[in-house]
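K.L.:
Mind folding the following:
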Amino acid sequence: MNKPNLFIVGKAKSGTTALHAMLDQHPEIFMSPFKEPNHFNREHIDEAKRRDGGYRGLPYKDLDRYLELFDGADKQKIIGEASPAYMDSRLAASEIAKFNPDAKILIILREPVSFVRSLHSQMLRSGNETEKDLDKALRLEGARKRGENIPKFTSNPANLFYAERANYCEQVGRYLDAFDPSQVKVIIFEDFREDNRAVLKTILEFLGVDAEFSFDPINLNVREDVRFVKLASWLIHHGERKAGAFKERAPKWLLAPIRAVLRPLFFRKGSSEPVNSQLRADLESKFRPDVERLGKMLGIDLIEKWGY
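P.N.:
So this is what the prediction gives:
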């Protein structure tokens, strides 16, 4: 039985997909062929089951099936997976520590305002959010925590608590409490974006594998905006329920042209317009205390790095 010893735990929208794909190129590293198996964020699994039967995106909650993801590993030193939801989970850090106390943890953190904007866009694309205006969606957070104004097809309402999900100190702290600090490495997304190779070298050194390996560059997750939010939400959820079995069995050569035809009907190239200056100022003021604490925790001047 192959047991994972590397967990890329987040944050979402911070380069985890690119990092997963690049590490998978390394001959000493095996990465799960299914990104985001979400096995250890138990409370999210339970909430999805309560709201919609748990049919969406959680096929690996069973341990035996989860471990099958790593059957293809063949003497690689590092066996890993990437599930950004583990960062937001209050249970995942301790659950991973129980599963493999010797595991190594990789965390990628993105400037919080940029993260919140990107997360909101992702929630729109995935059909979990129906409020297109970021400012309004942020103002709904209090009501949504009380169980109000939650879109019908949202599987996990906590995904819509945008400001709360940017409280990095608490999230990083859970992993530093569950593991020896030497087993946890924090990457700043902006550093990773600026110089992939330099940051990847430090990651490989952390993992104890050949740090001179040369990676092929990867550019993933191009921003997209939803054309018709409520229609897309309805189709995504009803379509996934009915098409799930087909997607599992259909060959990639068939799925690719189907996606190529359907995606432009519901998505367009994302806007590159910055966050409204007043909203950015308000959010920076809100996030600044957490950013300061995080910087002290990590020994990095994040106030300067992130321009606060």
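
K.L.:
Tell me which stretches of the stretch 151-300 of the chain form helices.
P.N.:
For the stretch 151-300 of the chain, applying DSSP state H, counting those that start in this stretch gives helices covering 162-165, 168-178, 189-194, 196-207, 229-249, 252-266, 277-298.

K.L.:
least reliable of those helices going by mean pLDDT?
P.N.:
Mean pLDDT per stretch puts helix 229-249 lowest among the helices of the stretch 151-300 of the chain, at a mean of 52.

K.L.:
Count the residues that sit near Asp195.
P.N.:
Here the number of neighbours of Asp195 (other CB atoms under 10 Å) works out to 10. The way it works is simple: take the backbone N, C-alpha and C, and place the C-beta from them, glycine included.

K.L.:
residue ranges for the strands of this structure, please.
P.N.:
Along the chain, counting by DSSP state E, strands occupy 6-10, 29-31, 78-82, 104-109, 184-188, 224-226, 267-269.

K.L.:
Not counting the second one itself, show me its contacts.
P.N.:
Yep, that's strand 29-31 we're talking about. 2, 6, 20-21, 23-24, 70, 72-74, 76-82, 207, 209 (CB atoms under 8 Å, 6 or more residues apart in numbering).

K.L.:
Tell me which residues of stretch 67-82 come out buried.
P.N.:
Judged by neighbour count using 16 or more other CB atoms under 10 Å, the buried positions of stretch 67-82 are Leu69, Phe70, Ala73, Gln76, Lys77, Ile78, Ile79, Gly80, Glu81, Ala82.

K.L.:
Could you report the pLDDT at Phe215?
P.N.:
So, for Phe215, pLDDT stands at 86.

K.L.:
nope, Asn156 is what I meant
P.N.:
For Asn156, pLDDT reads 80.

K.L.:
Repeat that for Phe34.
P.N.:
Reported pLDDT for Phe34: 91.

K.L.:
pretty sure Ile188 is touching Ile300, no?
P.N.:
Yes. Counting by CB atoms under 8 Å, Ile188 touches Ile300, with 7.1 Å between them.
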